[in-house]
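> just coords:
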């Protein structure tokens, strides 16, 4: 532990001491168990492997200047996991059980929580999978919920700096009335090919347009998108967009700052009118966008004309992080201190 340079760790996996697990059998959830194994032993006919009965979440724990450990909006993650479970017919884990598991796994691994001002945090990955064996296409009767943790650095190597994204109309992340509004692994598998092509082209992510008409802005890689025009915060509404807890929080902060918040279908043409734009999510918080290249139409939209992060994104980013670390009062009850 003493050899870890907390300010230089990547956004990746590092082995920690423990994970926690809870099984669903005979129509009920069992007790939370502690494990030091990184492995899962499941049946080869498990529904998670064949029929995509798998959902996950992502949240973070932060060590404050006062030494206290804080977790951001874990109740929202619990509720979103329940929403994902309903969508693919998995049993809903009670919010109280989810929060109990979070507290337990954080305390068990607290020596891996990076120090204050390192720029790093402890990332928590809750996972729910169908483990019961099925050959026919039907839900499992047994499930496994677990949470593992890993210390992580910034999602993007350059940190809070603008980056380029691109539009490729030949790819969709999720379909309307499908699973786009829930956090299941299949949505991310569908984005891997386009994402890899974008990275090879020098882009941070793909800005997807709506899968039905290709007229409206959808998600940006694995994250929500928002644009700033004047004193207005604009973010897309769509049946194929995952409700981001970070975006939800930023909208509340923007309103507190006196901004108008619009969550609505956003026509692609509005890109040219934005003063600032960004993707947002648990991993990056806010990842500002410098320019958007439309590879199909061979057009380029410069957002950050001076190459710097805009004032609204900067203010929102620092405000949210200050709440997460306990540097500013939490007026919304978002943060839970883990003791």
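Right, received. Where do you want to start? Bear in mind that the values here come from a model prediction, so they are computed numbers and not experimental data. Residues are numbered from 1 along each chain as shown.

> and stretch 205-214, average pLDDT?
The average pLDDT within stretch 205-214 is 95.

> Please read the previous query as pertaining to stretch 257-273.
Mean predicted confidence for stretch 257-273 is 97.

> can you pull out the helices in this protein?
Ranges of helices in the chain, per DSSP state H, are 47-50, 74-87, 95-108, 185-189, 192-200, 245-256, 311-325.

> Find the nearest non-adjacent residue to residue 254, please.
For residue 254, ignoring the flanking residues on the chain, the nearest one in space by C-beta to C-beta, 6 or more residues apart in numbering is residue 233 at 4.1 Å. C-beta coordinates here come from the backbone N, C-alpha and C atoms, glycine included.

> hang on, the one you found packs against residue 259?
Yes: applying C-beta atoms under 8 Å as the test, residue 233 and residue 259 come out as touching, 5.1 Å apart.

> which neighbours do the two share?
Any residue near both residue 233 and residue 259 by C-beta atoms under 8 Å, 6 or more residues apart in numbering counts here, and that gives residue 312.

> so where's the stretch 151-300 of the chain uncertain?
Applying pLDDT under 70 to the stretch 151-300 of the chain flags residues 157-158.

> quick one: contacts for residue 181?
83, 87, 239-243.

> Type out the ChimeraX command that picks the buried ones from these.
In ChimeraX, this line selects whichever of the contacts of residue 181 come out buried by 16 or more other C-beta atoms under 10 Å:
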select :240,241,242
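
> can you put the contacts of residue 181 in TSV and add distance to residue 305?
Output for the contacts of residue 181, formatted as TSV (distance: C-beta to C-beta, whole Å):
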residue	distance to residue 305
83	39
87	41
239	34
240	31
241	28
242	30
243	31
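
> and stretch 80-97, which residues are buried?
80-82, 84-85, 88, 90-93, 95, 97.

> Equivalent analysis for stretch 24-39, please.
24, 29, 32.

> who does the residue nearest to residue 254 bridge with?
residue 228, residue 261 (DSSP bridges).

> What separation is found between the N-terminal and C-terminal residues of stretch 237-246?
In stretch 237-246, first residue to last residue: 15 Å (C-alpha to C-alpha, to the nearest Å).

> I'd like to know how far residue 186 sits from residue 55.
Separation of residue 186 from residue 55 (C-beta to C-beta, to the nearest Å): 10 Å.

> Which one's more surrounded, the two?
Legend: neighbour count by other C-beta atoms under 10 Å for residue 186 and residue 55, higher for residue 55 (29 against 15).

> Who does that one form a beta bridge with?
residue 128, residue 184.

> Now render the buried residues of stretch 80-97 as CSV, adding distance to residue 177.
Converted to CSV, the buried residues of stretch 80-97 look like this (distance: C-beta to C-beta, whole Å):
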residue, distance to residue 177
80, 18
81, 21
82, 20
84, 15
85, 18
88, 14
90, 19
91, 23
92, 21
93, 25
95, 27
97, 30
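
> ok, those vs residue 280, which is closest?
The closest of the buried residues of stretch 80-97 to residue 280 turns out to be residue 80 (C-beta to C-beta; 15.3 Å).

> Residue 245 is in contact with that closest one, correct?
Yes: at 7.0 Å, residue 80 counts as touching residue 245 under the criterion of C-beta under 8 Å.

> Now do stretch 83-100: distance from first to last residue.
First-to-last residue span, stretch 83-100, C-alpha to C-alpha: 19 Å.

> Contacts for that stretch, please.
22, 24, 29, 32, 52-55, 74-75, 77-79, 81-82, 126, 128, 130, 139-140, 143, 145, 179, 181-184, 336.

> how about 7 Å then?
Contact with stretch 83-100 is made by 22, 24, 29, 32, 52-53, 55, 74-75, 78-79, 81-82, 126, 128, 130, 139, 143, 145, 179, 182-184, as judged by C-beta atoms under 7 Å, 6 or more residues apart in numbering.

> Throw the helices of the chain into TSV and include distance to residue 216, thanks.
Shown next, in TSV, are the helices of the chain (distance: least, C-beta to C-beta, whole Å):
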stretch	distance to residue 216
helix 47-50	32
helix 74-87	22
helix 95-108	33
helix 185-189	18
helix 192-200	17
helix 245-256	16
helix 311-325	22
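
> just so I know, which of these lies nearest residue 117?
Ranking the helices of the chain by proximity to residue 117 (C-beta to C-beta) places helix 311-325 first, at 8.7 Å.

> Now do the end-to-end distance for stretch 282-299.
Termini of stretch 282-299 sit 30 Å apart (C-alpha to C-alpha).

> Compute the distance between the residue lying closest to residue 198 once chain neighbours are set aside and residue 240, please.
Spatial nearest neighbour of residue 198, chain neighbours left out: residue 206 (4.8 Å); criterion: C-beta to C-beta, 6+ apart. Counting by C-beta to C-beta, the separation of residue 206 from residue 240 is 14 Å.

> cool, residue 77 as well?
Taking C-beta to C-beta as the measure, residue 77 falls 20 Å from residue 240.
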